[in-house]
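1. Sequence below, structure please.
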Amino acid sequence: MSDIYPIAVPKWGIEMVEGTITTWNKSTGDAVAKGDEVFEMESDKIVNVWDSPVTGVLRRILAEPGDAHPVGALLGVIAPATVSEADIDSFIASYAVKETGAEAAVEPVAATPTGQTSDAYTRSSPSVRKLADELGVDLGTVTGTGRRGRITDDDVRAAAGGAGDMAGVSIIPLSPMRKTIARRLTEAKQSIPHFYLTAEYELDGLMAHRATLNDTGDTKVSVNDLLVWCVGQALIKEPRANVNLVGDDIHQFESAHIAVAIATDEGLFPATIPRVDALSPAEVAQATAALAEKARTGSLTKDDISGGSFTVSNLGMYGISQFTAIINPPMGAILALGKAEPKVVVRAGGQAVATVLTATLSCDHRVIDGAVGAQFLAALREVIDGL
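-> Numbers count the residues shown, from 1 in each chain. Now for the predicted structure:
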């Protein structure tokens, strides 16, 4: 069976544990040349394209669009047309034994079960069809709420009269992206010993500097753009906060590669601006705008969301005064920025009104001590006050 090539879920990135097929670009029986784009898969908030490393025929598709599968799971089989169907069946069965240590039934995608319509079959996974049979639900009567109309477990349960019969309740299944977000944030909160440091910054000088930049330049710089630029400079002043924890090693970066949390309808994207310390505020603004557009259109690449050394999350534009954020591993810290608003401050023994922003630094205590976090916040103050 050396001519048979398994299509398995690849491991794109150190954090990846599963992927979800979004599109098959080939159908069963199609010829496949080396380098052909065979399928697209969503993982860790981005869509990757799988290029075939071999030439042959796509003999079997074992995973349908919308279904999540762990790294290493068998998705399909490429083999020459001369290989028999029996050999393909034997290969798939032996692959299942190798993965699980037990015999596993192979259910071809092309078959249609008794009692379910062909359309409903193609819009559901084997586990969903099994659940429908157990609950006595005709999938032909179920409206799918998943990607491209896919029928989910929750759709079947709702049709069976479960949670869906509660007045005023809508069942919204987690998208693959939200599942990834949920998994990674849960792991981060459970495994990382967070501690928090909060500081206030007067931004009147920064606001005046921003006005000058926008009056003299072609690119409009936002308050957040300028704050990200300031963070980049502060990380060079206090590089011990500019770190990742990878295994048992601390990776300390020479440049500030800042991941900015970009909010979309699908969730938060920690998109990375490389070498912020070497950019101008206008270049930071341009980079942020480009990443936001790619996030909005779903065209972020693996490189766009990788390689960050520090994260900045700003909810000030939503009227939030202060918040704490969850660290995005492997990064060692994240800075949460609130709304810049007027406050009464004391200057030279008297009262004055200043534009004040509250920033909260979440640190991974395994790699950043309290004193280091405090010194980073002090370095940030020095940069802001120097504008």
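2. From here on, just use CA atoms for contacts and neighbour counts.
-> OK.
3. mind checking how far the residue lying closest to V54 once chain neighbours are set aside is from K179?
-> Sequence neighbours aside, K34 is the residue nearest to V54 in space, at 4.6 Å (criterion: Cα to Cα, 6 or more residues apart in numbering). Separation of K34 from K179 (Cα to Cα, to the nearest Å): 32 Å.
4. Settle it for me: which of these two has more neighbours?
-> K179 (16 against 12; other Cα atoms under 10 Å).
5. And the more buried one, how far from G373?
-> Counting by Cα to Cα, the gap from K179 to G373 is 31 Å.
6. quick one: W229 from S124, how far?
-> 48 Å.
7. nope, G316 is what I meant
-> G316 is 42 Å from S124, by Cα to Cα.
8. More neighbours: which of the two?
-> Between G316 and S124, counting by other Cα under 10 Å, S124 is the more crowded of the two (24 against 20).
9. Just the pLDDT for the more buried one.
-> Note on S124: pLDDT of 70.
10. swap in the one 5 residues further on?
-> The model reports R129 with a pLDDT of 78.
11. List of residues touching whichever strand or helix holds it?
-> Using DSSP states H and E, R129 sits in helix 126-135. By Cα atoms under 8 Å, 6 or more residues apart in numbering, the list of residues contacting helix 126-135 from outside reads 107, 121, 138-139, 151-153, 156-157, 160.
12. rerun that using 6 Å as the cut-off
-> Contacts with helix 126-135, where a contact means Cα atoms under 6 Å, 6 or more residues apart in numbering, come from D153.
13. ditto for stretch 354-372
-> Under the criterion Cα under 6 Å, 6+ apart, residues 193-204, 322, 332-343 lie in contact with stretch 354-372.
14. Straight-line length of it, end to end?
-> 28 Å.
15. show me the contacts for A256.
-> 232, 275-277.
16. what secondary structure does it sit in?
-> Assigned state for A256: coil (three-state reduction, DSSP: H, G, I helix; E, B strand; the rest coil).
17. what pLDDT does it get?
-> A256 is given a pLDDT of 98.
18. same thing with K98?
-> At K98, the pLDDT recorded in the model is 52.
19. Quote the end-to-end distance of stretch 340-352.
-> 16 Å.
20. now that stretch: mean pLDDT?
-> 92.
21. who does the longest strand anywhere in the chain pair up with?
-> The longest strand of the chain (DSSP state E) is strand 350-364. According to DSSP bridges, strand 350-364 forms sheet pairs with strand 194-202 (antiparallel), strand 333-337 (antiparallel), strand 341-347 (antiparallel).
22. can those strands go into TSV with extra columns for mean neighbour count and distance to L291?
-> What follows is the strands paired with strand 350-364, written out as TSV (neighbours: other Cα atoms under 10 Å; distance: least, Cα to Cα, whole Å):
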stretch	mean neighbour count	distance to L291
strand 194-202	17	27
strand 333-337	27	19
strand 341-347	13	27
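23. of these, which approaches A211 most closely?
-> strand 194-202 (15.8 Å; Cα to Cα).
24. starting at the chain centroid, how far to that closest one?
-> 26 Å (Cα atoms, centre = their mean, to the nearest Å).
25. Tell me both backbone torsions, phi and psi, for W50.
-> phi -100, psi 120 (degrees, to the nearest 10).
26. any idea how far it is from T219?
-> As judged by Cα to Cα, W50 and T219 stand 37 Å apart.
27. Which residues does L197 form beta bridges with?
-> L361.
28. Quick one: the helices in the stretch 51-200 of the chain, in order.
-> 85-100, 118-122, 126-135, 153-159, 176-191 (DSSP state H, counting those that start in this stretch).
29. Can you pull the domain assignment for the chain?
-> Domain assignment for the chain by automatic domain parsing gives 5-100, 118-178, 192-385.
30. Pick out the shakiest of the ones you listed, pLDDT-wise.
-> domain 118-178 (a mean of 72).
31. Out of the contacts of A256, flag the one nearest to P239.
-> Looking across these and measuring by Cα to Cα, the closest to P239 is G232, at 10.1 Å.
32. what number of residues lie near the closest one?
-> By the criterion of other Cα under 10 Å, G232 has 25 neighbours.
33. Verify the contact between it and D277 for me.
-> Yes. The criterion here is Cα atoms under 6 Å, and G232 meets it with D277 at 4.7 Å.
34. ok, now how distant is the closest residue to H257 other than its chain neighbours from G267?
-> Leaving aside its sequence neighbours, H257 sits nearest to P274 (Cα to Cα, 6+ apart; 4.3 Å). Distance, P274 to G267, by Cα to Cα: 22 Å.
35. again with G298
-> 11 Å.
36. Same check on L291?
-> 14 Å.
37. Over to D153?
-> 22 Å.
38. who's more crowded, those two?
-> D153 (19 against 14).
39. residues contacting that one?
-> Shown in contact with D153 (Cα under 6 Å, 6+ apart): V128.
40. Kindly recompute the last result at 10 Å.
-> 124-125, 127-132, 144, 146, 159, 173 (Cα atoms under 10 Å, 6 or more residues apart in numbering).
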